[in-house]
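> Okay, sequence plus prediction incoming.
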Amino acid sequence: MKKFSIAVLGGLALLAAIAYAQGAEDGFQTAQVVSIDRVPADARHPENADQYKIAMRMGNTIYMCHASGSPAIFIGWSPNKELPARLNGKVMQVKSPSGQMVDLNVTGKKTAK
């Protein structure tokens, strides 16, 4: 019985280590939506209809971003919502609640107080 318990604990520790390694491998960390606003449509430029201004907090930094896409992509996004994200230069890649990858163009950043 004692050997069985040790084997089960060892197996659980191994599974936890593998899961942690896979999560760190893809470089995603938790980002929090600070604000999301749809930019009003301009009658002179209808191609800019589905534009969004989004502020995302990752660690102690708030990133101001712009994105475009269908409203269905951003339907589950709201302030304080946590989403997996990674930063690649001036682009923040975010996994939406639907599982779709969304690229946000970073236009600025500031350190949170």
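On my side now, so go ahead.

> can we go C-alpha only for contacts and neighbour counts from here?
Fine.

> Tell me where the chain has strands.
Listed in chain order, the strands of the chain (DSSP state E) span 29-38, 51-58, 61-68, 82-88, 91-95, 101-111.

> Tell me which of these sits nearest to residue 2.
Minimum separation from residue 2 across those (C-alpha to C-alpha) falls at strand 29-38, 38.1 Å.

> thinking in terms of the whole chain, how far from its middle is that closest one?
Between the centre of strand 29-38 and the centre of its chain there are 8 Å (C-alpha atoms, centre = their mean, to the nearest Å).

> what's the angle from it to strand 51-58?
Per axes from the mean of the first three to the mean of the last three C-alpha atoms, to 10 degrees, the angle that strand 29-38 makes with strand 51-58 is 150 degrees.

> Including mean neighbour count and distance to residue 75, could the strands of the chain go into JSON lines?
JSON lines is the format used below for the strands of the chain (neighbours: other C-alpha atoms under 10 Å; distance: least, C-alpha to C-alpha, whole Å):
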{"stretch": "strand 29-38", "mean neighbour count": "17", "distance to residue 75": "11"}
{"stretch": "strand 51-58", "mean neighbour count": "21", "distance to residue 75": "12"}
{"stretch": "strand 61-68", "mean neighbour count": "20", "distance to residue 75": "13"}
{"stretch": "strand 82-88", "mean neighbour count": "18", "distance to residue 75": "13"}
{"stretch": "strand 91-95", "mean neighbour count": "17", "distance to residue 75": "13"}
{"stretch": "strand 101-111", "mean neighbour count": "16", "distance to residue 75": "13"}
